[in-house]
Structure formats: C-alpha cells, structure tokens
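1. only geometry, no sequence info:
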C-alpha cells in the first residue's frame, strides 16, 4: 500500500490535486450499479479470507465506504474489530494508517503538527496519520474528549486546519474506529457530535463453535491479514462512490426517511439529526447498488436504518434504547 508519507494520495490530500477536476473525471467514469455490486462482492470476498462468518458485518463496512461515511465498531475485546478494519483497508490499493488511542494521545498526534526546520528557518507541516485513505482509530474511547474531537473536522469536512491553514485530506477518506464496551471506568464516552459523524455503528459478536475452530486454524501460523492483497484501486472506489451518489431516490422515498427521523425525535430525548437522515439516504443508495439496482426502494431504507440511526438516539433514563426506538419507527411509520 502507498505510504501516506510519500507522494501520491497524501500529496492529493494536502492540496496538490484540483478537487473539482478530480470529481469531474470521476463523474465521467461513473460505474453502472451492476459494476458497483461486482466490486463490492470482490472486496467482501477478499475480506472473508480473514474474517470468518461475518459477511453481514463486512457488507456494512463496504456500504459505509461507498456511502462516503465512517464506521464505529463496538464490541468486547478479541472478536476481530481491528482485523476487520485492516482487511478492508488492505483490500483497496490506497493508503492506510492506524492510530492507537491512549489516554496520553494529543490532538496533534492525530492531525499533524508544524515543526521548525533549522535548515530553512521555517516551520514545516508534518502530516499526522489522519492523512490516509483509510484511518483505523483503534480503541478510540481510551483517549480523552479533547483528542477524540481532533477528528471532528476531518470526518465532516474532509480537511484539517492547523495554525490557521487548512489542508485537504485524501479522497476517499474513511475512518473506521473501534471501541470496547467492557471497561467503562477506564474509557471516555464519545462526544455526541462525534457519534453523529459515524454513518454506522455495528457489533461483531462472538463466533459460533465451527467459526471459532476455523479462526483458530487460520491463525495458528502467520496472521492471514498480512497476506491480504488489494482487489480494487482507489480510482475504482471513487468511481463506485460517484455511481452510488447517482442512485435514484424519489421524493416519496426521501420523505419516508425524514418521517422516520421525526419519529425518533418525538420519542427520545435526542433523536436523529438531519445529518443522520442524509447518512441513511446515502447508505440506502449504497445498499441498492450492492443489489445492482439504480434506484432505492423502502427495503433498502429499512435494512440500513438500525445501524445508521440507533447510535444517534439518546432516550430518557429508563426509556427505550436507540434500537428499540428505530424498530418502533420502522413498524409505525408508513411508507406511503
């Protein structure tokens, strides 16, 4: 994979490539939905060489990538969260960086810092690991909120501002963050503003007996993730994203998404934001593309809503949790 410290994707990220020209080129070369589906299957099959029995989770990652979003994977330690993220990153021929979030991590350790160069008598920007196509934020909830918040601008605007200067991030740019949920006394809750920037939140769960036996067999020697080879190029991903953005979503479908969001706001202390509604629409477009369709149907929305909406909802103490509120919305809100 390309090292973000070299020329290539990083150079594009710090302003050497004209974004408008790049987007126009991608528009001209947009894939057909059937080609997007084939690309998604290829990436998912490649990841399954490492991740056993988690096809649904792998598809959630692919949907997130195609929907121009970010993914939060929450679960107990040791179920393959980091391996999943690394396998997906290695499956596309782009730059990959990992950030191990710890209590002493500083925001500049993520975004980068200006360093004084005595030879030139000037400050030179040293890019942080956020300047990569796929960024793995490992155990993100171990870092304090100030450091977690270093990702806010990057995740929403695909840029980083340091000392008054703004630098573009590579395209595509996707954050895959993991967090464990079994050590509440040693972790920090993610800020609501950051939670809202994650398109999806998923759990992997434990494997069954046969799957676990297969995992043990695969990993008895060298870790198989190190042998994962790219099956798609960065340009493939850009073209697929452009195609997904062009998937038809009718006015009725968009209003259905909006009504689902309004239902959550009426039944929780904090419901889904308009950003969440947009994330659901984009994820539904990606889901349609995975099925080879050029248009979104209500089934796509209903399939994506639980992983897109639930983590954004905050209910009153003792009330229904986000998943229950989303399930109630899907049950009660008519499609029309």
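-> Right, received. Where do you want to start? Quick caveat, the model's predicted, so the values are computed rather than measured.

2. By mean pLDDT, which helix or strand of this structure comes out lowest?
-> helix 9-11 (a mean of 38; mean pLDDT, DSSP states H and E).

3. which residue sits closest to residue 321, ignoring its sequence neighbours?
-> Leaving aside its chain neighbours, residue 321 sits nearest to residue 315 (6.2 Å; criterion: CB to CB, 6 or more residues apart in numbering). Bear in mind the C-beta positions are built from the backbone N, C-alpha and C, glycine included.

4. Need the residues that contact the helix or strand that contains residue 330.
-> Taking DSSP states H and E as the criterion, residue 330 maps to helix 322-332. Residues outside helix 322-332 that contact it (CB atoms under 8 Å, 6 or more residues apart in numbering) are 260, 263-264, 267-268, 271, 302, 305-306, 309-315, 320.

5. Check stretch 204-211 too.
-> 52-54, 57, 73, 75-76, 79-81, 84, 212, 215.

6. What are the buried residues along it?
-> Using 16 or more other CB atoms under 10 Å as the test for burial, stretch 204-211 gives 204, 207.

7. which regions of the stretch 51-200 of the chain sit below the pLDDT cut-off?
-> Applying pLDDT under 70 to the stretch 51-200 of the chain flags residues 182-185.

8. all strands for the stretch 151-300 of the chain, in order.
-> Using DSSP state E, counting those that start in this stretch, the strands of the stretch 151-300 of the chain run over residues 159-162, 165-168, 174-179, 200-202, 232-233.

9. For the residue most central in space within the chain, list the residues it contacts.
-> When CA atoms, centre = their mean is applied to the chain, the residue found nearest the centroid is residue 70 (2.1 Å). Residues in contact with residue 70 (CB under 8 Å, 6+ apart) are 64, 155, 174-177, 197-199.

10. any idea which of the residues you listed is closest to residue 100?
-> For the contacts of residue 70, the minimum distance to residue 100 (CB to CB) is 11.7 Å, reached by residue 177.

11. What is the burial count for the closest one?
-> A count of nearby residues for residue 177, using other CB atoms under 10 Å, gives 27.

12. what about the spatially closest residue to it that is not a sequence neighbour, which helix or strand?
-> Nearest non-adjacent residue to residue 177, counting by CB to CB, 6+ apart: residue 137, 3.8 Å away. Per DSSP H and E: residue 137 is located in strand 134-138.

13. Residue 80 against residue 58, yeah?
-> No. Using CB atoms under 8 Å, residue 80 is not in contact with residue 58, being 10.7 Å away.
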